[in-house]
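Novice: my questions are about this predicted structure, shown below with the sequence.
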Amino acid sequence: MEREESISKLDEIHLINEIKNLKSVLWINPNRKPIPNQEQFSFQQMHEANERLNRLSSYIKVAFPETEKLKGIIESPLKEIPQMKKLIEGRRGFKIPGRLILKCDHSLPISGSIKARGGIYEVLKFAETIAMEHGLLTIEDNYAKLADESCKKLFSEYQIAVGSTGNLGLSIGIISAKLGFQVTVHMSHDAKAWKKQLLRDKGVTVIEYESDYSKAVEQGRKQAQQNPKCHFVDDENSVDLFAGYSVATLRLEKQLQDQDILVDANHPLFVYIPCGVGGAPGGIAFGLKMIFGENVHIFFGEPLQSPCMLLGLMTGLHDGISVNDIGLNNKTEADGLAVGRASKFVGKIMEPVLSGCYTVDDSFLFRSLKGMYEQENIFMEPSAHAGVFGPIQLISEGKQYLEENGLTSKMENATHLIWSTGGDMVPFEERKIYLEKNV
Ligand SMILES: *Cc1c(COP(=O)(O)O)cnc(C)c1O
C-alpha cells in the first residue's frame, strides 16, 4: 500500500515528467553528506579485499599470463583525452573547464570490463575459502597452488551461478571455468549473442531468458538455492562483489598521485560512471568518497529508458520501484545498463555518497563511441559512453550545484574523470557495426 501511494505521488516530483518524456535530466542528490557514516560497508572491508587480491595475484599471474606485467593485479591505466575534449567542446559550443581524463576499465585484463574486478574477486574468494576448508591452502602459501590438479578436482564438485546482462557473466564464466568450477550463467534477453557464444566455447552453461535482467537474476537465484554446493553471485546484494569493485579506488589514488593530479579543497575531482544495477559504480563511488571526502563529486549515468538508480534514490523507494512503474520500457542499446530496478543494498549506501544522477540518449552513446575511436583511438562499448555525457550534463545543467558547493571559481583546477567500463572483448565485426551506425 505504502509503495503504491508513493508511486502515485510521484507526479508531484517536478523532474519525473521530464524523465517520463525521455528528456536528458540531471538530478542532484539532496542527501549527500561531506563525509558519510557507513554502516552497511566499511573502509576496513575494502582494505581486506585489497589484501586478499594481493595474495591472489600469484595465482592470477599463472592462470592469466597477460597479467604478468602487472604482477597479477587486475588494473587499467588512467589517460588524459585532450582530443576528445576538443571534439566535445566543438560540438557543444562551450568549454569544459579543467582537465578530462579516462579511467580505462574497458581494457581491464581477463574480461575487458569493469566486471573483471568484482566478479573475479568474488569467485576467487570462494575458491580460497573452500581450498582452505579442505586443507589444500593456507594463508602463507603461494596462491599459485589454486591452479594445481588437486584444487581443480575439488572445485569441479562445486557450481557457480550468476544472472547477468552480459559482462558480469563473462567475468564470472571465465574465472570459474579456469578454476575448474561448473558454471551456469543466466542471461537476460539484452545479452549480446557473441557474449553467450564466447562463454559456451569455454564450457560454460548459458541459460537464455526472454525477460529482462531482474528476472534472469531471480531465476538464477532460485535454481542455485536448490543446490548446497552452488555459490550464487548475487549482483543485487553481494558484499563481495561490491568490495572487489571498491578496490579500484585505492589504486586510482596512487595513479592520480603518480600523474601529479591534485585532489583537494581547491582542486575538485568530478567522476562520472555508467550505472546498471549499481554494484560496480557503487563500489567505486564508496571507495572514492572514503578517500577523497567532500572533494569528490560523483555522478552516475543511465540510459533514458533505464534510470533505475535515479528513480530509486529520488523516491527513496530503491528496489521498490521499477522504470516500468513510470511507463518506461527499459529498452536500450547500452546492454550493460539495461536494468529496470536498482539494488537496494547499493542504493542505501549511495544515499549520502552520490552528488547526483543523469540520463543520456542512446544516440549520444554511438556518436561518442565513434568520436572516441577517431580522436583517441580508444574503443569503448556503448554502455561505457554513458560516462562521457557526464561532464557535458554537469556544465550545461549543473550551475546551481557548482554554486551551492562553492565550486564555480575552482573549475579551472578541476579534474573530470570519466570511468570507462567495457569494450576490449567486443569482436572486430561488432565494433564495425557500432562504428558505422548512423546517428
Ligand atoms: C555492468 C556494467 C555497468 C554497470 O555496472 P552495474 O554494477 O550493473 O551498475 C556499466 N558498464 C558496463 C559496460 C557494464 O558491463
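Specialist: On my side now, so go ahead.
Novice: where does the residue of the stretch 101-250 of the chain found nearest the ligand land on pLDDT?
Specialist: The ligand sits closest to residue 167 of the stretch 101-250 of the chain, with a gap of 3.3 Å, by CB to the nearest ligand atom. The way it works is simple: take the backbone N, C-alpha and C, and place the C-beta from them, glycine included. Residue 167 carries a pLDDT value of 94.
Novice: up against the ligand, what does the protein have?
Specialist: Selection of the chain residues close to the ligand by CB under 6 Å from any ligand atom yields 113-115, 167, 274-281, 336-337, 381, 383-384, 421-422.
Novice: if we can go back for a sec, report how many residues lie close to the residue of the stretch 101-250 of the chain closest to the ligand.
Specialist: Counted with other CB atoms under 10 Å, residues neighbouring residue 167 total 27.
Novice: that one touches residue 424, doesn't it?
Specialist: No - using CB atoms under 8 Å, residue 167 makes no contact with residue 424, being 10.8 Å away.
Novice: picking that back up, which of the residues of the chain next to the ligand fall in helices?
Specialist: Judged by DSSP state H, the subset of the residues of the chain next to the ligand located in helices is 115, 167, 279, 280, 281.
Novice: confidence-wise, which of those comes last?
Specialist: Among those, residue 167 has the weakest pLDDT, 94.
Novice: average pLDDT across stretch 18-35?
Specialist: The model assigns stretch 18-35 a mean pLDDT of 94.
Novice: can I get that stretch in CSV, CA atoms only?
Specialist: The C-alpha trace of stretch 18-35 is given here as CSV (Å, rounded to 0.1, in the frame of the first residue of the first chain):
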residue,chain,number,x,y,z
GLU,A,18,10.9,15.1,-17.8
ILE,A,19,12.1,11.6,-17.1
LYS,A,20,8.8,10.2,-18.4
ASN,A,21,9.1,12.3,-21.5
LEU,A,22,12.6,10.9,-22.2
LYS,A,23,14.5,14.2,-21.6
SER,A,24,18.1,14.1,-20.5
VAL,A,25,18.0,15.2,-16.9
LEU,A,26,20.4,16.0,-14.1
TRP,A,27,19.2,15.1,-10.7
ILE,A,28,21.0,16.4,-7.7
ASN,A,29,21.0,14.3,-4.6
PRO,A,30,19.7,16.3,-1.6
ASN,A,31,21.1,13.8,0.9
ARG,A,32,24.8,14.0,0.1
LYS,A,33,27.0,14.4,3.1
PRO,A,34,30.6,15.7,3.2
ILE,A,35,31.8,12.6,5.0
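Novice: what's the local residue count around the closest residue to residue 424 other than its chain neighbours?
Specialist: Of all residues not flanking residue 424 in the chain, residue 112 sits nearest, at 3.2 Å (CB to CB, 6 or more residues apart in numbering). Residues lying near residue 112 (other CB under 10 Å) number 22.
Novice: and residue 373, by the same measure?
Specialist: Count around residue 373 with other CB under 10 Å applied: 17.
Novice: you'd agree it is up against residue 379?
Specialist: Yes - assessed by CB under 8 Å, residue 373 is found in contact with residue 379 at 5.5 Å.
Novice: for the nearest residue to residue 41 once chain neighbours are set aside, grab phi and psi.
Specialist: Distances taken as CB to CB, 6+ apart place residue 349 nearest to residue 41, at 5.8 Å, with adjacent residues excluded. Main-chain torsions, residue 349, degrees, to the nearest 10: phi -70, psi -30.
Novice: residue most distant from the centroid, the protein?
Specialist: In the chain, the residue that sits farthest from the middle, by CA atoms, centre = their mean, is residue 135; the gap is 34.8 Å.
Novice: give me the three-state assignment for residue 328.
Specialist: coil (DSSP: H, G, I helix; E, B strand; the rest coil).
Novice: excluding its backbone neighbours, what's nearest it?
Specialist: Here the residue nearest residue 328, using CB to CB, 6+ apart, is residue 305, at 5.1 Å.
Novice: re earlier: now for residue 167 and residue 424: what residues contact both?
Specialist: Counting by CB atoms under 8 Å, 6 or more residues apart in numbering, the common neighbours of residue 167 and residue 424 are residue 113.
Novice: list the buried residues of stretch 15-30.
Specialist: Using 16 or more other CB atoms under 10 Å as the test for burial, stretch 15-30 gives 16, 19, 24, 25, 26, 27, 28, 29.
Novice: same question, stretch 327-344
Specialist: Using 16+ other CB under 10 Å as the test for burial, stretch 327-344 gives 328, 330, 332-344.
Novice: longest strand of this protein?
Specialist: strand 296-303 (DSSP state E).
Novice: sheet partners, orientation included, of that strand?
Specialist: Paired neighbours of strand 296-303 in the sheet (DSSP bridges): strand 269-274 (parallel), strand 356-360 (parallel).
Novice: give me the pLDDT value at residue 403.
Specialist: Residue 403 is given a pLDDT of 98.
Novice: and it, how many residues sit next to it?
Specialist: Residues near residue 403, counting by other CB under 10 Å, number 11.
Novice: now for the helix or strand containing it, which elements pack on it?
Specialist: Assigned by DSSP states H and E, residue 403 belongs to helix 399-404. With contacts defined as 3 or more CB pairs under 8 Å, 6 or more residues apart in numbering; DSSP states H and E, helix 399-404 has these neighbours: strand 26-28.
Novice: host element of residue 206?
Specialist: Per DSSP H and E: strand 205-208 holds residue 206.
Novice: could you list which residues are in contact with the residue most central in space within the chain?
Specialist: Centre of the chain computed as the mean C-alpha position; nearest residue by CA atoms, centre = their mean is residue 280, 3.1 Å away. With contact taken as CB under 8 Å, 6+ apart, residue 280 is in contact with 114, 115, 117, 118, 245, 273, 421.
Novice: neighbour count added to the residues you listed, as TSV?
Specialist: Formatted as TSV, those follow (neighbours: other CB atoms under 10 Å):
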residue	neighbour count
114	33
115	31
117	30
118	29
245	30
273	27
421	30
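Novice: tell me the contacts of residue 420?
Specialist: Residue 420 touches 102, 103, 104, 105, 106, 378, 380, 384, 387, counting by CB under 8 Å, 6+ apart.
Novice: what is the neighbour count of residue 353?
Specialist: Using other CB under 10 Å, residue 353 has 21 neighbouring residues.
Novice: assign a three-state SS to it, would you?
Specialist: Following three-state DSSP, the label given to residue 353 is coil.
Novice: from memory it sits against residue 289, does it?
Specialist: Yes - assessed by CB under 8 Å, residue 353 is found in contact with residue 289 at 4.6 Å.
Novice: rewinding a little: for the ligand, state which of the buried residues of stretch 327-344 is nearest.
Specialist: residue 336 (3.0 Å).
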